[in-house]
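Q: Return a 3D structure for these sequence lines:
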Amino acid sequence: MGTRLRLAALWGTALAVAGGAAVAAWAWARARGRLRRRAAPLSARPAAVAADQGRGHGKQILVLGLDGAGKTSVLHSLATNHVKRSVAPTEGFNAICINTEESQLEFLEIGGSESLRSYWTMYLPKVLLLVYVVDSADHARLPTAKQLLHQLIQNNSTLPVVVLANKQDLEGAYCITDIHDALALSDIGDERKMFLIGTHVAEDGSEISSSMKDAKELIAQLVLESQ
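A: Numbering: from 1, shown residues only. So this is what the prediction gives:
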């Protein structure tokens with residue numbers, strides 16, 4: 001039957017990719033109540049420390065994507081509920097912890113430059129969820145983003161994946177259906193939970209967009225269901 005989506009619901013403009021078809025996700029029942037969160041960003045950590053964290057509580061979320069996709073800005077937005085655009089790319093590892101009512105979410109971002117991509121597969125077996133960030137306006141590198149994503153998950157048919165089609169506010173950015181096609185998400189198995197959400201970060205200091213809140217809700221729910 002394709003992917004069996006066990007999420008009760010989801011707010012926002014996400015697409016759930018199931019059995020090769022993009023299906024509009026439905027609204028998460030408000031009766032469950034929104035998760036209340038307290039965010040506490042952690043400092044960037046070297047490889048050795050990040051490796052220890054990966055062996056910690058088993059609730060880690062790996063955040064990957066090409067350099068310049070906006071991974072660090074996305075993480076800061078998720079942690080603080082406010083926008084802070086990142087200027088310099090992550091050179092190494094960046095760890096952030098977000099507390100919710102139900103659990104503690106441990107995010108580990110690994111830089112997307114060519115020299116760091118070899119670390120990606122090392123950490124993949126340790127995590128509950130992969131968040132893959134792409135620059136929706138960087139058309140030239142979408143084929144590379146596609147290739148790397150497919151290589152990452154080819155040996156793990158059940159790892160949940162949330163793809164963030166970031167920088168939707170930029171001129172020329174592909175919409176999420178175009179990103180879906182560019183990344184060939186329909187070709188990625190039918191046994192995993194996979195979601196595609198269009199995101200962007202606004203001006204520094206402003207509150208995060210509704211799409212970013214949707215992503216945060218979804219990630220928290222997927223982690224709960226994966227434990």
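Q: how far away is residue 209 from residue 93?
A: Distance of residue 209 to residue 93, given as C-beta to C-beta, to the nearest Å: 26 Å. Just so you know, the C-beta spots here come from the backbone N, C-alpha and C atoms, and that holds for glycine as well.
Q: repeat for residue 147
A: Residue 147 is 23 Å from residue 93, by C-beta to C-beta.
Q: Give me the more crowded residue out of these two.
A: residue 93 (22 against 12; other C-beta atoms under 10 Å).
Q: give me the beta-bridge partners of the more buried one?
A: For residue 93, the beta-bridge partners are residue 110 (DSSP bridges).
Q: Might one say that it is in contact with residue 111?
A: Yes - if you go by C-beta atoms under 8 Å, residue 93 and residue 111 touch, sitting 7.5 Å apart.
Q: which neighbours do those two share?
A: Taking C-beta atoms under 8 Å, 6 or more residues apart in numbering as the contact criterion, residue 93 and residue 111 have no common neighbours.
Q: Excluding chain neighbours, what is closest to residue 215?
A: Nearest residue to residue 215 in three dimensions, chain neighbours excluded: residue 197, at 5.1 Å (C-beta to C-beta, 6 or more residues apart in numbering).
Q: Would you list the phi and psi of that neighbour?
A: Backbone torsions for residue 197, taken as degrees, to the nearest 10, come to phi -130, psi 130.
Q: That one reaches residue 161, doesn't it?
A: No - the criterion here is C-beta under 8 Å, and residue 197 misses it with residue 161 at 11.4 Å.
Q: With neighbour numbers in mind, choose between those two.
A: residue 197 (25 against 22).
Q: Look up which residues are beta-bridged to that one.
A: residue 164.
Q: Do you know the pLDDT at it?
A: pLDDT for residue 197: 94.
Q: Now do it against residue 162, distance only.
A: 7 Å.
Q: any residues in contact with both of these two?
A: Common neighbours of residue 197 and residue 162 (C-beta under 8 Å, 6+ apart) are 215, 218.
Q: Sort out which residues of the lengthiest helix in the chain are buried, please.
A: Counting residues, the longest helix in the chain under DSSP state H turns out to be helix 210-226. By neighbour count on 16 or more other C-beta atoms under 10 Å, the buried set for helix 210-226 is 211-223, 226.
Q: try stretch 112-128
A: For stretch 112-128, by 16+ other C-beta under 10 Å, it's 112, 116-117, 119-120, 123-124, 127-128.
Q: Helix, strand, or coil at residue 73?
A: For residue 73, the secondary structure call by DSSP: H, G, I helix; E, B strand; the rest coil comes out as helix.
Q: tally of neighbours for it?
A: Going by other C-beta under 10 Å, the residues that sit close to residue 73 add up to 21.
Q: if I look at it, how far off is residue 172?
A: Where residue 172 is concerned, residue 73 sits at a distance of 19 Å (C-beta to C-beta).
Q: Kindly report the same for residue 122.
A: Residue 122 is 35 Å from residue 172, by C-beta to C-beta.
Q: That concludes my questions; thank you for your assistance.
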